[in-house]
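Undergrad: Fold the following, please.
(one chain, ligands or ions: 2)
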Amino acid sequence: MLITLSEHSEAPRIQSWLIREGVASRLLDGGRLLLVDDPFIPHHLLRRVDADPAVLRREDTHDLPRRVLRSGIEEAEWPFPGRIPTLIAGPCSIDSFAVADETAHLLSSLQLGWMRGGTHKARTSPYAFQGHGFRAAEWLREACDRHGLRAVSEVLDTPDMEAIAELLDLVQVGARQMHSFRFLQRVGALEKPVLLKRGLSATPEEWLWAAEYLLDAGAPSVVFCERGIRTPAPLKRFTLDLQAIPFIREMTPYPIFVDPSHAAGTTPYVAPLSLAALAAGAHGLLIECHPDPAKACSDALQALDFDALTDLARRAQCLGKLEVTP
Ligand code: PEP
Ligand code: MN
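TA: Ligands and ions are numbered 1, 2, ... in the order given. The predicted model follows:
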């Protein structure tokens, strides 16, 4: 961003309030111009720059994902009517109709409005369980309808993607697909809200641009989901990047969810990470649970059993009462 000032003598004043807001700038042209290299400046700061009487002009110096940033849109479509924080729970994969139905029964008794569950699974190994595909999407839909829930599932670039998406209320793009631009366009063209996982090592720019692909192709809204990233020495499966929460809140008008299950990879860490995420301002959580975790077809080690999920839902709802709506 390049700021043109009316007087070079104003530069120290403006630079010092920018610094207090955490933004560094460089002086150019004898102090008449201030260059801010960071492409992502919070919207409230842009407003303050624009309102300053010493500022003649502000220009973008980077190509920006305009549909995603707050400066492009003040009021985003919000796919979660009702309760904030929103807790979306369910098995890693929809192993059977019975698993979906038992889980949906529990979730509705806890008054949680959403269920997740995989259909086609994106597995690292081609020999690992790949999911039950379209059948699983039908089981998920039927269980959700029986218990008054909305359905979320990851879609992959399969021939039945559109047919599966028809059965979903929110379409999930997995961490491993976040960089697949043609796929993002195909998902955006479904014209459904999309939950966009952060790629395994995605930079903030890459994550925001992936959301831009979806919105540009027709998605009415996106839900960002931080699910842990690769760091040099992860203590568990991945490292949960809690900074993603204030970052997405400050930069975009869209919700930020946290998936502690895939970050931790192990059940004892799921509740502490969930509560930390809510305390930091996450709008919701995506949690894996299973009626009998030992029998789960995928991600058994990180699946909460029903008692643990019930306990977490109660604690999350207590904490959530502190949270103000967006
Ligand atoms: C999932 O949510 O089931 C999943 C595979 O997550 P991720 O893409 O974050 O690994
Ligand atoms: Mn999983």
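
Undergrad: Any figure for the gap between the residue of the stretch 201-326 of the chain found nearest ligand 1 and residue 220?
TA: Of all residues in the stretch 201-326 of the chain, the one sitting closest to ligand 1 is residue 227 (3.8 Å; CB to the nearest ligand atom). From N, CA and C alone the C-beta is placed, and that goes for glycine too. Look at residue 227 and residue 220: by CB to CB, to the nearest Å, they are 22 Å apart.

Undergrad: of those two, who's got more company?
TA: residue 227 (23 against 14; other CB atoms under 10 Å).

Undergrad: For the closest residue to residue 106 other than its chain neighbours, give me its contacts.
TA: Spatial nearest neighbour of residue 106, excluding adjacent residues (CB to CB, 6 or more residues apart in numbering): residue 306 at 5.3 Å. Neighbouring residues of residue 306 by CB atoms under 8 Å, 6 or more residues apart in numbering: 106, 289, 291.

Undergrad: Please apply the same query to residue 15.
TA: Shown in contact with residue 15 (CB under 8 Å, 6+ apart): 25, 27, 34.

Undergrad: all strands of the chain, in order?
TA: With DSSP state E, the ranges of strands along the chain come out as 2-5, 26-28, 33-35, 55-59, 86-90, 114-116, 150-154, 170-173, 194-197, 222-226, 256-258, 284-288.

Undergrad: Can you list the strands that the fourth one pairs with?
TA: What it means is strand 55-59. strand 2-5 (antiparallel) (DSSP bridges).

Undergrad: Give me the contacts around the partner strand.
TA: 11, 14, 25, 31-36, 49, 54-59, 61.

Undergrad: per-residue pLDDT, the residue nearest to residue 106?
TA: On the pLDDT scale, residue 306 is placed at 98.

Undergrad: Also residue 323?
TA: Reported pLDDT for residue 323: 45.

Undergrad: Now tabulate the contacts of residue 306 in JSON lines and tack on neighbour count, distance to residue 87 and pLDDT.
TA: Formatted as JSON lines, those follow (neighbours: other CB atoms under 10 Å; distance: CB to CB, whole Å; pLDDT from 0 to 100):
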{"residue": "106", "neighbour count": "20", "distance to residue 87": "12", "pLDDT": "98"}
{"residue": "289", "neighbour count": "28", "distance to residue 87": "10", "pLDDT": "98"}
{"residue": "291", "neighbour count": "19", "distance to residue 87": "17", "pLDDT": "98"}
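
Undergrad: And stretch 52-61, end to end?
TA: Here the two ends of stretch 52-61 are set 20 Å apart, with distance taken as CA to CA, to the nearest Å.

Undergrad: what sits up against that stretch?
TA: 1-7, 10, 13-14, 35, 37, 39, 46, 49-50.

Undergrad: Now flag whichever of those residues is closest to residue 271.
TA: residue 39 (35.9 Å; CB to CB).

Undergrad: Quick check: closest non-adjacent residue to the closest one.
TA: residue 62 (3.8 Å).

Undergrad: Residue 155 is in contact with residue 165, correct?
TA: Yes: contact status for residue 165 versus residue 155: in contact at 5.8 Å, counting by CB atoms under 8 Å.

Undergrad: Those two: who's more crowded?
TA: residue 155 (25 against 20).
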